[in-house]
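the sequence isn't on hand, but the structure is:
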């Protein structure tokens with residue numbers, strides 16, 4: 001079971017993450033959306049496509065753009081469509 005934690009709170013948990021480039025990508029239905037706020041940030045990966053971001057909010061503290069996902073990935077990355085990965089201090093265990 002993989003878990004993502006920030007500020008001591010579990011924000012995602014799944015036994016079916018996809019590993020890509022050393023990152024756990026959590027299925028969309030395993031994300032605790034009450035901690036996620038959509039961001040206007042976007043980046044582009046040459047083989048995965050355009051990424052969208054979430055700011056994580058726990059107990060009033062924000063971690064800007066600490067989660068990302070590919071809503072419409074390129075064909076090579078279809079296995080992570082909508083899945084969410086983390087960085088910027090979010091601890092992923094498992």
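Now that the structure is in, tell me what you want to look at. As the structure is a computational prediction, the values presented were derived from the model and not from experiment.

what's the neighbour count on residue 61?
9 (other C-beta atoms under 10 Å). Where you see a C-beta, it was placed from the backbone N, CA and C, and this is true even at glycine.

ok, now residue 23?
17.

shaky segments in this protein?
The chain contains no residues with pLDDT under 70.

can you show me the strands along it?
Listed in chain order, the strands of the chain (DSSP state E) span 2-6, 9-14, 18-20, 23-25, 36-45, 49-58, 61-69, 84-86, 91-93.

can you pull the contacts of residue 10?
Each residue near residue 10 by C-beta atoms under 8 Å, 6 or more residues apart in numbering is listed here: 3, 4, 32.

run the last query once more with 10 Å
3, 4, 32, 35, 93 (C-beta atoms under 10 Å, 6 or more residues apart in numbering).

neighbour count added to the residues you listed, as a markdown table?
Output for the contacts of residue 10, formatted as a markdown table (neighbours: other C-beta atoms under 10 Å):
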| residue | neighbour count |
| --- | --- |
| 3 | 17 |
| 4 | 28 |
| 32 | 14 |
| 35 | 21 |
| 93 | 11 |
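
if we can go back for a sec, of all the strands of the chain, which one comes closest to residue 76?
strand 49-58 (9.0 Å; C-beta to C-beta).

okay, the strands of the chain in JSON lines with distance to residue 76 next?
Shown next, in JSON lines, are the strands of the chain (distance: least, C-beta to C-beta, whole Å):
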{"stretch": "strand 2-6", "distance to residue 76": "22"}
{"stretch": "strand 9-14", "distance to residue 76": "22"}
{"stretch": "strand 18-20", "distance to residue 76": "10"}
{"stretch": "strand 23-25", "distance to residue 76": "14"}
{"stretch": "strand 36-45", "distance to residue 76": "10"}
{"stretch": "strand 49-58", "distance to residue 76": "9"}
{"stretch": "strand 61-69", "distance to residue 76": "16"}
{"stretch": "strand 84-86", "distance to residue 76": "16"}
{"stretch": "strand 91-93", "distance to residue 76": "23"}
